[in-house]
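# For reference, the sequence and a predicted model appear below.
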Amino acid sequence: MIEYDKFQKSLKHLELQFENYSDLDESLPQITQEAIAESVIQRFETCYDCLWKVLKRYLSEGLGLPEVPNSPKPVFKLANENQLFSSDIEQWLNYADLRVGTSHDYSGEKAQKALDKMEAFIDDAIGLYQTMSGGTWD
């Protein structure tokens, strides 16, 4: 049986912190604003890592595919071939690039690119969660 709890929890945490970031009060000290943005990126990294690992397991155990790759981009390509995504594969490959780009760099252009894509990532991740688990998102 595939466990979705860790993925679900990481996605909920990302969703909540992204709401905080989206509703950021500009009067907060700059350091606080940066901390919230950094927290969103860290939660994205955690969620992304949980997502692709659960997806790998779903492809193997849920769909019974015999040979599932052991890295995110090939897993995403295989998931796309099996019509698990509601968005284009290029979007998922972009998320993989964002994840690599944010490693140890929470400021500057790479961080802003990730933050700009966060709403789309959350929506796509929720859709994938629902597809794999058969559950609803609340």
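Good, I have the coordinates.

# for the protein, what's the longest helix?
Longest helix in the chain, counting residues (DSSP state H): helix 30-57.

# list the buried ones in stretch 76-87?
Within stretch 76-87, the residues scored as buried using 16 or more other Cβ atoms under 10 Å are 76, 78-80, 84-85, 87. Where C-beta positions appear, they are placed from N, C-alpha and C, glycine not excepted.

# ok so, going back, what's the angle between the helix or strand just after the longest helix of the chain and helix 30-57?
Next along the chain after helix 30-57, taking DSSP states H and E as the criterion, comes helix 72-81. Orientation check (axes from the mean of the first three to the mean of the last three Cα atoms, to 10 degrees): helix 72-81 against helix 30-57 gives 60 degrees.

# Quick one: list the elements packing against helix 72-81.
When contacts are defined as 3 or more Cβ pairs under 8 Å, 6 or more residues apart in numbering; DSSP states H and E, helix 72-81 packs onto helix 30-57, helix 89-102.

# Could the C-alpha coordinates of that helix be exported in PDB?
C-alpha atoms of helix 72-81 as PDB (Å, rounded to 0.1, in the frame of the first residue of the first chain):
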ATOM      1  CA  PRO A  72      12.900  12.900 -11.000                       C
ATOM      2  CA  LYS A  73      13.000  13.900 -14.600                       C
ATOM      3  CA  PRO A  74      12.700  10.300 -16.000                       C
ATOM      4  CA  VAL A  75      10.000   9.600 -13.400                       C
ATOM      5  CA  PHE A  76       8.100  12.600 -14.600                       C
ATOM      6  CA  LYS A  77       8.400  11.500 -18.200                       C
ATOM      7  CA  LEU A  78       7.100   8.100 -17.400                       C
ATOM      8  CA  ALA A  79       4.200   9.600 -15.400                       C
ATOM      9  CA  ASN A  80       3.400  11.800 -18.400                       C
ATOM     10  CA  GLU A  81       3.400   8.700 -20.700                       C
END
